[in-house]
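**Q** Everything below, folded, please.
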Amino acid sequence: MVPVKPRLMKRKYNSHHLLQTLLFVFCLLGGMNTAFSQPGNSKVSRTITDKILRDLTLRIPDFKLITKYSAAVKPDGSWPDIDYSSKAFTVWPPEEHLIRLQTLIKAYVTKGSICYADEKVFKDISNALQYWYSSNPKSDNWWFNQISTPQSIGESLIMMRYGDKKIDKELQGKLIERMKQGDPEKWTGANKTDISQHFFYRALLTEDDALLSYSLKEFFSPVNLVYKKEGLQYDNSYMQHGLQLYVGGYGTVFINGVFKVASYLSGTPYALGADKVALLSKFLKDTYLKTLRGQYADFNVMGRGISRPNVLDMTSVKSQLLVVKVVDPNNSTEWDNAIARINGLEAPSYKVTKTHNQYFSSDYTLHTRPPYSFNVRMASKRTIRCETGNNENLLGRYLSNGATNIQLSGGEYYNIMPIWEWDKIPGITSRDYVTDKIETLSWGEPGTNEFAGGVSDGIYGASGYMLNFDNLRAKKAWFFFDTEIVCLGTDIKSDEPEHVTTTINQCWLKGDTESSLDNNQIAKDKTITHSEKSNVWFLHDNVGYYFPKGGDIKLSTDVQKGEWYRINNSYSKKEITGNVFKLWLDHGSKPQNAEYAYIVLPGVKSAKEMKKFKANELEIIANNPTMQAVYHKPLDMLQVVFYEAGSITVASTAIKVDKPCILMIKNFNGKRVISIADPLYKEKTATLTLTNTNKEITELKVDFPQNEYAGSSVDVK
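**A** Residues are numbered from 1 along each chain as shown. Alright, predicted model coming up:
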């Protein structure tokens with residue numbers, strides 16, 4: 001298996017940088033003549049490298065940093081504080097040499113820099129390039145050797161083509177030859193584009209038209225929909241490392257890399273075709289950006305990157321979207337709206353529309369409303385569970401067990417992962433261990449259940465999941481409406497000694513928690529256990545949690561402790577502490593047929609508003625091993641998860657299905673619109689029979705989608 005980029009150097013953006021980005025975009029559109037001397041003889045090559053230079057030199061490096069690097073570099077071109085012998089897998093020390101080298105180069109070639117054309121800086125650059133070639137550092141991680149290093153060398157050499165003095169031709173030739181690493185034809189998705197990118201740089205440096213054509217053919221070949229392969233899926237999600245959800249992480253690398261190179265090629269014979277631009281934009285607009293709430297990402301889509309500091313902060317996307325506007329100006333309004341949300345210039349709800357997406361290829365549900373996002377990650381035998389690898393995401397073994405991401409402001413989970421109790425990830429049902437259990441199997445494993453999926457009409461939907469993991473079984477379902485998400489569990493079984501719990505949420509504590517329990521206002525540093533057979537509710541940070549039948553409920557607002565090292569061995573052992581809102585249900589030890597029911601109400605602003613919640617408008621019709629069903633009276637909408645063939649009666653109408661399925665019927669008492677999906681991905685047809693009060697029978701035969709669209713929803717009017 002192949003690791004995700006282990007280290008992404010984030011640029012820090014400010015208003016000056018944003019202005020430079022705008023100038024870069026203006027240049028790409030042809031609004032500014034180049035101020036740099038031209039390398040080589042190829043007009044196309046010059047056009048492309050001009051754009052690359054502008055992109056790489058958007059921000060003039062800090063003078064103090066340049067001075068520091070230049071003063072510390074030794075006569076042989078090395079820095080004394082870098083361990084060049086290290087072969088580390090993740091944070092690889094020799095990479096710092098290339099970062100410092102690029103900093104010096106940007107200062108040297110950028111007009112306006114105090115070190116522009118500086119003789120001492122040029123000598124430092126030449127020596128540093130020579131030292132890198134002579135010492136030839138290697139990591140035990142293929143990614144540094146075949147992607148990061150040749151990309152960095154290629155960018156450095158392209159920038160130096162614009163310098164007042166040029167790098168020695170012999171040294172440049174040897175470095176270009178050293179760039180010949182990896183074979184893009186052997187890889188897929190983001191790995192293919194990453195390797196193809198330094199082939200692209202090498203083609204520009206050598207003005208080799210054949211190599212340029214080859215590199216771009218390989219680079220853009222992943223911009224296609226694939227079936228049972230890594231890359232862009234037919235459900236508009238993205239998967240890598242096998243069939244593993246990676247909309248963030250690898251998906252970020254893929255979308256950023258492709259749009260960046262496409263922007264370099266705009267206005268040239270190599271410009272990306274309109275069909276591929278449309279495909280990329282659809283993924284970016286309808287999936288990727290929907291996983292963001294303000295500037296923060298859904299933790300479900302980040303893969304093992306969830307164990308890295310600041311990984312949920314997607315502030316850098318705003319500058320990338322300015323480049324996207326060059327490639328796809330037709331969707332500029334969408335890109336501008338997203339930039340405004342990410343920048344914080346507008347609220348996270350700004351221009352967000354009501355959508356519900358069931359990603360049938362990747363076992364992921366994305367439910368968005370202007371006030372909130374509520375997303376679910378599942379797994380099945382058709383997909384790969386969230387991975388551990390390179391000593392990253394060491395405790396993430398339960399992330400694919402129905403984890404729910406509930407975001408209003410966006411930062412509810414930002415950097416909370418070091419202090420999470422990892423068998424109480426939001427939404428999951430799990431054994432409650434004394435200490436968090438480390439995952440020992442690297443690079444992910446297939447799910448162990450067949451039943452996972454959902455029905456969707458694009459606005460509403462329901463998802464169902466038969467959990468079978470860690471000697472624990474359960475049937476879990478989510479029913480998505482406008483202001484409510486109904487969460488049901490049943491048939492919960494375990495023969496192991498640990499108590500089994502279902503976690504409702506575990507996020508940063510923000511203010512007091514209010515509850516219907518004796519009208520209590522629960523402050524921080526509290527732990528409460530309450531067994532209740534009637535309804536009870538809690539309110540925290542504008543999210544209400546309603547338990548229609550009570551339960552053995554536990555709440556903690558106490559301080560939790562941890563460190564990044566315990567989830568990712570590449571990071572610090574420094575202790576981190578913070579107060580956490582953690583709400584869960586305890587099903588006891590060795591449960592044999594336990595169940596739960598709770599309703600999440602995002603956007604509730606006060607206890608007064610919470611008290612007005614009309615629970616009787618939501619009818620939980622069934623929550624048993626054969627089916628789970630909810631009827632929403634004001635919407636006149638029924639949603640049912642059938643785990644086997646069966647029937648149910650609602651509003652005097654009997655509904656019968658002959659196959660396991662997930663069903664949604666809207667406008668139930670009027671004109672019916674039925675949506676249905678096969679969560680087992682194996683049925684070809686199903687028969688749906690409706691019988692009304694007059695004993696009139698309507699029989700509908702449904703043809704389920706097959707192959708690349710298996711598991712997707714069918715609408716029957």
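**Q** what mean pLDDT would you report for stretch 450-465?
**A** Stretch 450-465 shows a mean pLDDT of 98.
**Q** and the end-to-end length of that stretch?
**A** The straight-line separation of the ends of stretch 450-465 (Cα to Cα, to the nearest Å) is 9 Å.
**Q** Show me the domain layout of this structure.
**A** Domain assignment for the chain by automatic domain parsing gives 34-222, 356-614.
**Q** closest to I665 out of these?
**A** domain 356-614 (10.2 Å; Cβ to Cβ). For every residue, glycine as well, the C-beta is placed using N, CA and C.
**Q** circling back to that earlier point, mean pLDDT for the domains of the chain: which is lowest?
**A** Between those, the one with the least mean pLDDT is domain 34-222; it has a mean of 93.
**Q** returning to what we had before: of the domains of the chain, which is nearest A710?
**A** Taking Cβ to Cβ, domain 356-614 is the member of the domains of the chain nearest to A710, at 7.2 Å.
**Q** ends of the closest one, how far apart?
**A** Start and end residues of domain 356-614 are separated by 23 Å (Cα to Cα).
**Q** now that domain, how far from the chain's geometric center?
**A** Distance, stretch centre to chain centre, for domain 356-614: 17 Å (Cα atoms, centre = their mean, to the nearest Å).
**Q** and the lengthiest strand in the chain, what does it pack onto?
**A** Taking DSSP state E as the criterion, the chain has its longest strand at strand 576-589. Secondary-structure packing of strand 576-589 (3 or more Cβ pairs under 8 Å, 6 or more residues apart in numbering; DSSP states H and E): strand 499-508, strand 536-540, strand 551-556, strand 559-562, strand 594-602.
**Q** just checking, next helix/strand downstream of the last one?
**A** Pointing back at strand 594-602 there. For strand 594-602, the following helix or strand on the C-terminal side (DSSP states H and E) is helix 607-611.
**Q** Tell me the helices and strands packed up against that following helix.
**A** With contacts taken as 3+ Cβ pairs under 8 Å, 6+ apart, helix 607-611 sits against strand 536-540.
**Q** Just the angle for the strand it packs on relative to strand 576-589, thanks.
**A** 160 degrees (axes from the mean of the first three to the mean of the last three Cα atoms, to 10 degrees).
**Q** Low-confidence ranges, the stretch 601-717 of the chain, go.
**A** Residue ranges of the stretch 601-717 of the chain with pLDDT under 70: 668-669.
**Q** What segments of it are strands?
**A** 618-624, 627-632, 637-642, 646-650, 653-657, 661-666, 673-677, 685-691, 697-703, 714-716 (DSSP state E, counting those that start in this stretch).
**Q** Quick one: distance of the third one to the chain centre.
**A** Shown here is strand 637-642, whose average C-alpha point lies 28 Å from the average C-alpha point of the whole chain (Cα atoms, centre = their mean).
**Q** All the strands of the stretch 251-400 of the chain, in order from the start?
**A** Under DSSP E, counting those that start in this stretch, the stretch 251-400 of the chain gives strands at 292-293, 296-297, 355-359, 364-369, 372-377.
**Q** can I get the CA coordinates of the last one in CSV?
**A** Extracted C-alpha coordinates of strand 372-377, given in CSV (Å, rounded to 0.1, in the frame of the first residue of the first chain):
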residue,chain,number,x,y,z
TYR,A,372,-25.3,22.7,9.7
SER,A,373,-23.7,19.6,8.2
PHE,A,374,-24.3,16.1,9.4
ASN,A,375,-22.2,13.4,7.7
VAL,A,376,-21.8,9.6,8.2
ARG,A,377,-19.0,7.2,7.3
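**Q** Run through who's touching it.
**A** Applying Cβ atoms under 8 Å, 6 or more residues apart in numbering, the contact partners of strand 372-377 are 245, 290-291, 293, 298, 300, 363-367, 386, 399-400, 402-408, 427, 463, 478, 480, 485, 543, 600, 602-603.
**Q** cool, stretch 157-169 as well?
**A** By Cβ under 8 Å, 6+ apart, stretch 157-169 touches 36-37, 39-40, 49, 52-53, 56-57, 102, 105-106, 108-109, 116-117, 119, 122, 125-126, 129, 172, 175-176, 201, 204-205.
**Q** Only the buried subset of those, as a ChimeraX command please.
**A** Listed next is the ChimeraX selection for buried residues among these, using 16 or more other Cβ atoms under 10 Å:
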select :36,39,49,52,53,56,57,102,105,106,108,109,122,125,126,129,172,175,176,201,204,205
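**Q** G154 is nearest to which of the strands of the stretch 251-400 of the chain?
**A** Short answer: strand 296-297, nearest of the strands of the stretch 251-400 of the chain by Cβ to Cβ, at 29.1 Å.
**Q** list the helices and strands the closest one packs on?
**A** Using 3+ Cβ pairs under 8 Å, 6+ apart, strand 296-297 sits against no helix or strand.
**Q** now with 10 Å?
**A** Under the contact criterion of 3 or more Cβ pairs under 10 Å, 6 or more residues apart in numbering; DSSP states H and E, strand 296-297 touches strand 403-407.
**Q** Which helix or strand lies directly C-terminal to the strand it packs on?
**A** Taking DSSP H and E, what comes next after strand 403-407 is strand 429-431.
**Q** Strand partners (parallel or antiparallel) of that next one?
**A** Strand 429-431 has its sheet partners listed here by DSSP bridges as strand 499-508 (antiparallel).
**Q** And the partner strand, what's buried?
**A** 499-508.
**Q** And for stretch 438-451?
**A** Those buried within stretch 438-451 under the rule 16+ other Cβ under 10 Å are 439, 442-445, 447, 449-451.
**Q** Which members of these define the maximum pairwise distance?
**A** S442 and F451 (26.9 Å).
**Q** Neighbours of the nearest residue to L53 once chain neighbours are set aside, how many?
**A** Of all residues not flanking L53 in the chain, Y162 sits nearest, at 5.6 Å (Cβ to Cβ, 6 or more residues apart in numbering). Y162: 23 surrounding residues under other Cβ atoms under 10 Å.
**Q** Can you read off the backbone torsions of Y162?
**A** phi -100, psi 10 (degrees, to the nearest 10).
**Q** Distance check, it against M466.
**A** 60 Å (Cβ to Cβ, to the nearest Å).
**Q** just Y598 next, same as before
**A** Y598 is 19 Å from M466, by Cβ to Cβ.
**Q** repeat for A403
**A** Separation of A403 from M466 (Cβ to Cβ) stands at 16 Å.
**Q** just L688 next, same as before
**A** From L688 to M466 the distance is 22 Å (Cβ to Cβ).
**Q** Tell me which of the two has more neighbours.
**A** M466 (23 against 20).
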